[in-house]
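Have a look at this prediction, sequence included:
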Amino acid sequence: MVITDRVSSRRVAFGLAAIGALVLGSAALAQQPAATDLGATPPADSLPRVEFVFEARVTLAPATVLGETGVGHRQYIPITGGTVAGPKFKGQVIPGGWDYQLRTGGGCGTISADYFWRAEDGAVIHILNEGMMCPGGAKGERTWLRPRFEAPKGPHDWLTRGTFVASLEPDRPATPPPAGAPPVMGAIRIKVYQIK
């Protein structure tokens, strides 16, 4: 009899605790935003904005083509120099970087360019520019990249801390190649925007 009363008392206490937890949980849920707000477009004043910071014209050597590999069609393009100019940075592209490209079976391709700039004050900045290109876009459609910068501490370290997007557009020579020759890619233009 005593054992039964103890078991019953524990069951009642457990039941009361469970009811209390449900009530407290319901109150906490009532204070959270409704699930219908999930995925709704935020107010315009809270959306990120972009600010144009500079443009690079990067000169290129002809591609070195490895051809078909186990992961796709691989080529790389040597970076030979160039200029960077804009409201927040000016400098030169240091010759010697690479633009690694891999085209997959579906026709899309990845870009991973790894190179350096020298600012007007002599500081050297490392750039890693990554993105994806797929066929079938509208004529003149730009490729979007995700540049990451590594700058020394000092006046250019805002590049290391910032978040950026960039557009890539071909800068083809004014004179087209002879009939039947492959198109010449002498340079590209990269417009860089900082997300604020």
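Nice, thanks for sending it over. Residues are numbered from 1 along each chain as shown.

For the residue nearest the centre of the chain, list each beta-bridge partner.
The chain has residue 146 as the residue nearest its centroid, 3.0 Å off, counting by C-alpha atoms, centre = their mean. Counting by DSSP bridges, residue 146 forms beta bridges with residue 130.

okay but it is in contact with residue 164, surely?
Yes - using C-beta atoms under 8 Å, residue 146 makes contact with residue 164 at a distance of 7.5 Å. Quick note: C-beta positions are derived from backbone N, CA and C, even for glycine.

returning to that earlier point: list the contacts for the residue nearest to the centre of the chain?
Going by C-beta atoms under 8 Å, 6 or more residues apart in numbering, residue 146 touches 129-131, 164-166.

now the helices for this protein?
Here the chain has its helices, by DSSP state H, at 2-31, 158-161.

Can you flag the weakest of the ones you listed by average pLDDT?
Note on the helices of the chain: lowest mean pLDDT is at helix 2-31, with a mean of 57.

Any idea how many residues pack against residue 67?
Residues within reach of residue 67, counting by other C-beta atoms under 10 Å, total 7.

Setting aside sequence neighbours, what's the nearest residue to it?
residue 73 (6.6 Å; C-beta to C-beta, 6 or more residues apart in numbering).

Specify the beta-bridge partners of the one you found.
Beta bridges link residue 73 to residue 68, residue 103, judged by DSSP bridges.

residues in contact with it?
Contacts of residue 73 (C-beta under 8 Å, 6+ apart): 67, 102-104, 109.

is it true that residue 121 touches residue 155?
Yes - at 7.1 Å, residue 121 counts as touching residue 155 under the criterion of C-beta under 8 Å.

quick revisit: now render the contacts of residue 73 as CSV, adding distance to residue 150.
Shown next, in CSV, are the contacts of residue 73 (distance: C-beta to C-beta, whole Å):
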residue, distance to residue 150
67, 32
102, 23
103, 28
104, 28
109, 25
